[in-house]
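Peer 1: could you work out the structure for the sequence below:
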Amino acid sequence: MAEQPAITANTNPAPGTDPLLEQPDGQGVAVNAPPGALASTADRAAPSVATGFFQQPAVQKSIPAVVVIVVILISIMVYSLFNGASFRPLFEGISQKDQSAIYTALIAADIPVKLDPVSGNVTVSTDDYHEAKLLLASQGLPESSIGGFNLIRKDQSMGTSQFMEKMRYKLAMEEELATSIATIDSIRRARVHLAIPKQSVFIRNREASKASVVIFQHQGRAITNGQVEAIIHMVASSIPFMEAESVSVVDSHGKLLHSKSASNDFNLTNEQLQYRNQIEDMYRTRVLSILSTFLGKENIHAEVNAEVDYTLIESTSQLFNPKTISLRSEQMSGQSSSSPGASGVPGFLSNNPLTPAGGAGNESSGSSTGSSTRNYEVDKTIRHEKKIAGVVTRLAVAVVIDQKIKAPPASTEAAATGEEGAAPGASVINVNGHKSLADIEALVKGAIGFDATRGDTVTVMEASFTPQLVAEELAWWRDVGLQGIGRQLVIAAIFILLILTVFKPIVTNLIHPDAAKKAFEDQFALDHEQENLLSGALNGEEPDDPNILQDGESLEEMKARLKPKKSAISADMLDTANSYDDKVALVRMLVNDDSRRVANVMRAWVRKDLGQ
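Peer 2: Presented below is the predicted three-dimensional model:
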């Protein structure tokens with residue numbers, strides 16, 4: 001058997017050898033190995049540069065502070081990301097002077113304050129909102145918010161002119177009206193401008209007052225026509241000699257909501273249009289309801305056009321019927337008289353009746369008159385008619401049916417009896433006396449109350465419908481809510497991974513620097529030993545046989561070498577080695593006690609792994 005080079009231990013390693021292990025007593029172990037066999041070991045030793053950097057005293061002293069600062073910063077960022085305090089503006093629409101005073105007062109009171117980058121308003125956190133309000137109220141801020149009639153209540157000097165008094169009154173009215181308008185839910189802020197002319201003592205020379213209102217609505221809210229009318233009437237009722245037509249309302253986008261050119265006729269036109277749409281929707285619902293029962297709602301489409309007469313007509317008529325005459329009243333009167341007639345020669349006694357002689361004749365004369373009045377009444381009828389507005393004068397209905405509606409296949413019973421059925425694919429409205437276009441038209445006429453005298457029309461036809469595109473449902477992983485939760489989980493996972501992979505090793509090295517250094521050295525030595533054994537096995541080297549006399553060795557030396565030595569490692573020590581550090585220490589003791597035997601064991605393991 002050829003001689004095998006022995007593993008030697010020396011205190012001064014030769015060039016080309018790497019230190020394997022540094023002993024506490026200053027003794028070292030060097031392993032001869034070719035440079036190529038140690039390449040991978042050098043690669044594994046690359047992290048030693050970073051480890052050496054962290055083991056420097058100055059770095060070790062500063063690492064705890066750096067770790068604490070980084071952890072605090074990350075915690076603050078995470079807290080701010082998920083639990084950021086919301087800020088709300090204290091006042092809106094105040095002057096720059098008031099904003100400056102408010103900002104200074106809040107800073108002096110140690111209340112966190114921010115300036116809105118968009119509007120420039122002073123904002124505070126929601127938790128400090130009411131406290132800031134009370135603080136500013138105690139200092140009389142803002143001054144513009146305590147305006148209105150408070151301007152009049154202020155002490156005025158004796159030298160205040162009448163013009164200044166009028167201007168203060170006008171300004172107070174504007175601010176009071178703006179405050180009242182801002183109380184409406186949809187309105188965030190308002191400004192009012194009044195034009196009040198000097199009134200003359202003569203009524204015919206009086207001029208009407210005018211007003212302009214600018215309103216700022218809340219984001220996402222709309223101002224209805226009813227609210228605009230309420231604002232107009234409120235302003236017009238608050239100023240003397242002001243009519244509603246003299247009030248103009250403009251929104252924050254410059255849109256004219258109401259002006260003196262707008263009249264009630266325009267509002268009435270909108271109401272009429274809404275009424276017409278309601279009538280058309282009513283008739284359309286009737287048509288779709290009756291046809292969808294056998295055609296399906298998705299297979300029909302109907303439109304209704306209604307002509308509505310909004311003319312308001314009032315008429316009064318009086319009719320007489322000459323054929324029906326009746327006596328209403330009758331008045332009759334009569335007169336009669338009797339006396340002897342005058343006779344004789346005209347003269348003194350000619351017209352005086354003479355006393356007749358006794359026994360003379362009884363002749364006499366008399367007269368009578370009569371009249372009658374009859375009143376007849378002719379039959380008379382007085383009629384007062386008032387036709388309400390909104391009468392439907394004409395209806396036009398159009399119905400379209402999808403011609404893709406197919407008939408079901410012919411049944412077996414129809415085939416057995418020989419009845420003619422619809423061919424598959426034929427239109428469903430022509431199947432075995434099924435509803436034809438004429439029948440459908442009759443149904444539509446009955447549903448809308450068709451009246452040919454007023455010119456109603458109904459049109460029914462078939463057409464091919466364009467298939468409707470159905471909106472694709474988003475996948476569950478595209479849900480915005482789930483994405484937000486996933487984003488938070490990812491941030492939390494990154495934070496935990498950062499702690500486990502970066503901060504924990506750093507803190508462990510700081511707490512146990514000797515154990516980390518020892519573990520690295522043991523791993524480095526083990527890598528060297530494995531590479532040397534592997535190199536020897538690949539070169540065909542056999543393990544040293546202790547029974548062979550080595551070169552330059554005497555028989556006594558061989559006997560002494562073969563004599564069993566008492567190991568310094570007991571069985572109790574092997575049983576109590578639980579931790580990694582204890583096991584590494586035992587391995588080092590075994591190597592120092594009998595390095596040759598350990599080398600043989602390692603070579604046997606390598607050859608076994610190589611299958612030799």
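
Peer 1: what about the helices in the stretch 201-350 of the chain?
Peer 2: Taking DSSP state H, counting those that start in this stretch as the criterion, the stretch 201-350 of the chain carries its helices at 225-238, 264-295.

Peer 1: out of the ones you listed, name the one with the poorest average pLDDT.
Peer 2: Comparing mean pLDDT over these, the weakest stretch is helix 264-295, at a mean of 83.

Peer 1: next, the angle from that helix to helix 225-238.
Peer 2: 160 degrees (axes from the mean of the first three to the mean of the last three C-alpha atoms, to 10 degrees).

Peer 1: who does helix 264-295 touch, helix- and strand-wise?
Peer 2: Of the remaining helices and strands, those touching helix 264-295 by 3 or more C-beta pairs under 8 Å, 6 or more residues apart in numbering; DSSP states H and E are strand 300-309, strand 391-402, helix 437-448. Bear in mind the C-beta positions are built from the backbone N, C-alpha and C, glycine included.

Peer 1: partners of the shortest one in the sheet?
Peer 2: Paired strands of strand 300-309, with direction, are strand 391-402 (antiparallel) (DSSP bridges).

Peer 1: quick check: mean pLDDT across stretch 178-193?
Peer 2: The average of the pLDDT scores along stretch 178-193 is 87.

Peer 1: what sits up against it?
Peer 2: Outside of stretch 178-193, the residues that reach it under the criterion C-beta atoms under 8 Å, 6 or more residues apart in numbering are 92-93, 148, 173-175, 177, 211-218, 221-224, 227, 230-231, 234-235.

Peer 1: buried stuff in it?
Peer 2: Residues 178, 180-182, 184, 187-192 are the ones in stretch 178-193 that count as buried (16 or more other C-beta atoms under 10 Å).

Peer 1: what does stretch 87-107 give?
Peer 2: Counting neighbours by 16+ other C-beta under 10 Å, one finds that the buried residues in stretch 87-107 are 87, 89-91, 93-94, 98-99, 101-102, 105-106.

Peer 1: how about stretch 484-498?
Peer 2: Neighbour-count burial for stretch 484-498 flags no residue at all (criterion: 16+ other C-beta under 10 Å).

Peer 1: can you classify Ile499 as helix, strand or coil?
Peer 2: Per DSSP: H, G, I helix; E, B strand; the rest coil, the local secondary structure of Ile499 is helix.

Peer 1: with Glu473 instead?
Peer 2: Following three-state DSSP, the label given to Glu473 is coil.

Peer 1: number of nearby residues for it?
Peer 2: Counted with other C-beta atoms under 10 Å, residues neighbouring Glu473 total 7.

Peer 1: could you measure from it over to Ala302?
Peer 2: As defined by C-beta to C-beta, to the nearest Å, Glu473 lies at a distance of 30 Å from Ala302.

Peer 1: ok, Leu273 next?
Peer 2: Look at Leu273 and Ala302: by C-beta to C-beta, they are 20 Å apart.

Peer 1: circling back to that earlier point, okay if I get the helices and strands packed on helix 264-295 as a markdown table plus mean pLDDT?
Peer 2: Converted to a markdown table, the helices and strands packed on helix 264-295 look like this (pLDDT from 0 to 100):
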| stretch | mean pLDDT |
| --- | --- |
| strand 300-309 | 91 |
| strand 391-402 | 92 |
| helix 437-448 | 90 |
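
Peer 1: got a markdown table for those, with distance to Arg206 and mean neighbour count too?
Peer 2: Putting those into a markdown table (distance: least, C-beta to C-beta, whole Å; neighbours: other C-beta atoms under 10 Å) gives the following:
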| stretch | distance to Arg206 | mean neighbour count |
| --- | --- | --- |
| strand 300-309 | 42 | 17 |
| strand 391-402 | 44 | 18 |
| helix 437-448 | 57 | 17 |
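
Peer 1: could you dump the ones you listed to CSV with distance to Ile290?
Peer 2: Formatted as CSV, the entries for these read as follows, by distance: least, C-beta to C-beta, whole Å:
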stretch, distance to Ile290
strand 300-309, 10
strand 391-402, 11
helix 437-448, 5
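
Peer 1: looking at the helices of the stretch 201-350 of the chain, which is closest to Val397?
Peer 2: Distance to Val397, taken as C-beta to C-beta, is lowest for helix 264-295 among the helices of the stretch 201-350 of the chain, at 6.5 Å.

Peer 1: strands along the stretch 101-250 of the chain, start to end?
Peer 2: Listed in chain order, the strands found in the stretch 101-250 of the chain under DSSP state E, counting those that start in this stretch are 113-115, 122-125, 187-195, 209-217, 242-251.

Peer 1: can I get those strands in CSV with distance to Ser329?
Peer 2: Formatted as CSV, the strands of the stretch 101-250 of the chain follow (distance: least, C-beta to C-beta, whole Å):
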stretch, distance to Ser329
strand 113-115, 97
strand 122-125, 93
strand 187-195, 70
strand 209-217, 64
strand 242-251, 57
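
Peer 1: phi first, then psi, for Ile111.
Peer 2: Ile111 adopts backbone torsions of phi -100, psi 120, taken as degrees, to the nearest 10.

Peer 1: so what's it up against?
Peer 2: Counting by C-beta under 8 Å, 6+ apart, Ile111 touches 124, 128, 131-132, 135.

Peer 1: and those residues, which is closest to Val584?
Peer 2: Out of those, the one with the shortest distance to Val584 is Asp128. That distance is 59.7 Å, counting by C-beta to C-beta.

Peer 1: I'd assumed Pro112 was in contact with that closest one.
Peer 2: Yes - between Asp128 and Pro112 there is a contact at 6.6 Å, judged by C-beta atoms under 8 Å.

Peer 1: which of the two has more neighbours?
Peer 2: When neighbours are counted by other C-beta under 10 Å, Asp128 comes out ahead of the other of Asp128 and Pro112, with 19 against 14.

Peer 1: what distance do you get for the spatially closest residue to the more buried one that is not a sequence neighbour to Thr123?
Peer 2: For Asp128, ignoring the flanking residues on the chain, the nearest one in space by C-beta to C-beta, 6 or more residues apart in numbering is Ile111 at 5.2 Å. The gap separating Ile111 from Thr123 is 11 Å, by C-beta to C-beta.

Peer 1: using PDB, write out every CA atom in stretch 232-252.
Peer 2: Included here for stretch 232-252 are C-alpha records, laid out as PDB according to Å, rounded to 0.1, in the frame of the first residue of the first chain:
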ATOM      1  CA  ILE A 232     -85.400  84.500  -4.300                       C
ATOM      2  CA  HIS A 233     -88.500  85.000  -2.200                       C
ATOM      3  CA  MET A 234     -86.500  85.200   1.100                       C
ATOM      4  CA  VAL A 235     -84.300  87.900  -0.300                       C
ATOM      5  CA  ALA A 236     -87.100  89.800  -1.900                       C
ATOM      6  CA  SER A 237     -89.100  89.700   1.300                       C
ATOM      7  CA  SER A 238     -86.300  91.000   3.400                       C
ATOM      8  CA  ILE A 239     -85.600  94.200   1.400                       C
ATOM      9  CA  PRO A 240     -88.200  97.000   0.900                       C
ATOM     10  CA  PHE A 241     -89.400  97.700  -2.600                       C
ATOM     11  CA  MET A 242     -87.800  94.600  -4.000                       C
ATOM     12  CA  GLU A 243     -89.600  92.200  -6.300                       C
ATOM     13  CA  ALA A 244     -88.800  88.600  -7.000                       C
ATOM     14  CA  GLU A 245     -88.000  89.400 -10.600                       C
ATOM     15  CA  SER A 246     -85.200  91.700  -9.500                       C
ATOM     16  CA  VAL A 247     -83.200  88.900  -7.800                       C
ATOM     17  CA  SER A 248     -80.500  87.000  -9.700                       C
ATOM     18  CA  VAL A 249     -79.000  83.800  -8.500                       C
ATOM     19  CA  VAL A 250     -75.700  82.400  -9.800                       C
ATOM     20  CA  ASP A 251     -73.800  79.300  -8.700                       C
ATOM     21  CA  SER A 252     -70.100  78.900  -8.200                       C
END
